[in-house]
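Visitor: When you get a sec, could you give me coordinates for this:
(one chain, ligands or ions: 1)
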Amino acid sequence: MRKKIVAGNWKMNTLPAEGVELAKGVARGKGEVCDCVNFIVCPPFTHLSSVIESLKGTGVAVGAQDCATEVKGAYTGEVSAQMIAALGCEYVILGHSERRQYYGETSETLNKKMERAFENNLKPIYCVGENLEEREAERHFDVVKAQIEEVVFNLSEEQFAKLVIAYEPVWAIGTGKTATAEQAEEIHAFIREVLRSKFGAAADDCAILYGGSCKPSNAGEIFSKPNVDGGLIGGAALKADDFLAIGKAF
Ligand code: 13P
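Guide: Got it, this is the predicted structure:
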């Protein structure tokens, strides 16, 4: 039985006090959503600590949006996996398309971040997805396959068991354009096949989330597909009611 996950990527939004309010709102409303849904919120680094504190005992998990490639040392501005883990974070988003696109993250960088995450018992939410040009050239399967082979295939079976994957087509992020439920299912099933070729039956236990303009009005249809195990939500995660409504879509 795969985990159902609704994760909120807050990106560079909310000030610390707003973040705590948002997190509390999610925790308050969670009782109205099926117990089977695992909620995760991923605030900016600056409010990880206060959000974790405000969510203690609520069952809402917390993740960071990134971590450093290095363990520690003279890397001004970086935040290590160990620091994040010490705060009580359970997850870390790695390889988000915005980091690949704007900050030059490559498979090489992401292999290091994955190692750092696992060394500190963080569960990575590893993001894959093609851009518009790649989709139009029908290269999306190849792009996503390479993103998985170059990083996920380096994991041990034990590490793979802790991994969450998020498929986020870049053309659907923040654009209001969502992949159709059929498009999502097609590529999620493909991702699972790729994972199965390396990890066998364990691929059936890996949660694969959809991300990209997912909102209360479309989540139900997308989540109804057999290989879609939840969502990584951007804009709609910034309002507790919308985020919770996405959880109710299961
Ligand atoms: P939106 O839901 O705002 O399109 O963002 C999706 C996303 O990038 C989540 O990581």
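Visitor: What's the mean pLDDT across stretch 198-210?
Guide: Stretch 198-210 shows an average pLDDT of 98 in the prediction.
Visitor: Give me the distance between it and the centre of its chain.
Guide: 15 Å (C-alpha atoms, centre = their mean, to the nearest Å).
Visitor: Over to stretch 243-250?
Guide: Chain-centre distance of stretch 243-250: 16 Å, with C-alpha atoms, centre = their mean.
Visitor: In the protein, what residue lies closest to the ligand?
Guide: Nearest residue of the chain to the ligand (C-beta to the nearest ligand atom) works out as Gly234 at 2.2 Å. Backbone N, C-alpha and C define where each C-beta goes, glycine included.
Visitor: Contact partners for that residue?
Guide: Residues in contact with Gly234 (C-beta atoms under 8 Å, 6 or more residues apart in numbering) are 9, 11, 173-174, 211, 213.
Visitor: Mind checking which of those land in strands?
Guide: Among the contacts of Gly234, DSSP state E puts Asn9 in strands.
Visitor: out of the contacts of Gly234, what pair is the most spread apart?
Guide: Distance extremes for these: the farthest pair is Lys11 and Ser213 at 13.7 Å, using C-beta to C-beta.
Visitor: so what pLDDT did the nearest residue to Val60 once chain neighbours are set aside get?
Guide: If the residues on either side of it in the chain are set aside, Val60 comes closest to Phe39, at 4.8 Å by C-beta to C-beta, 6 or more residues apart in numbering. pLDDT recorded at Phe39 is 98.
Visitor: who's Phe39 bridged to?
Guide: Val6 (DSSP bridges).
Visitor: Report all helices and strands that the helix or strand Phe118 falls within contacts.
Guide: Element membership for Phe118, per DSSP states H and E: helix 107-119. In terms of contacts (3 or more C-beta pairs under 8 Å, 6 or more residues apart in numbering; DSSP states H and E), helix 107-119 is packed against helix 81-87, strand 91-94, strand 123-128.
Visitor: Apply 10 Å and report the result again.
Guide: In terms of contacts (3 or more C-beta pairs under 10 Å, 6 or more residues apart in numbering; DSSP states H and E), helix 107-119 is packed against helix 81-87, strand 91-94, helix 97-102, strand 123-128, helix 140-149, helix 157-160.
Visitor: Just put these in a markdown table and tack on mean pLDDT and mean neighbour count.
Guide: Below are these laid out as a markdown table (pLDDT from 0 to 100; neighbours: other C-beta atoms under 10 Å):
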| stretch | mean pLDDT | mean neighbour count |
| --- | --- | --- |
| helix 81-87 | 98 | 19 |
| strand 91-94 | 98 | 25 |
| helix 97-102 | 97 | 17 |
| strand 123-128 | 98 | 25 |
| helix 140-149 | 98 | 18 |
| helix 157-160 | 98 | 13 |
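Visitor: any chance of those in TSV, with distance to the ligand too?
Guide: Formatted as TSV, the helices and strands packed on helix 107-119 follow (distance: least, C-beta to the nearest ligand atom, whole Å):
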stretch	distance to the ligand
helix 81-87	17
strand 91-94	7
helix 97-102	7
strand 123-128	7
helix 140-149	15
helix 157-160	21
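Visitor: now these in CSV, with distance to Arg196?
Guide: Converted to CSV, the helices and strands packed on helix 107-119 look like this (distance: least, C-beta to C-beta, whole Å):
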stretch, distance to Arg196
helix 81-87, 28
strand 91-94, 22
helix 97-102, 24
strand 123-128, 16
helix 140-149, 11
helix 157-160, 11
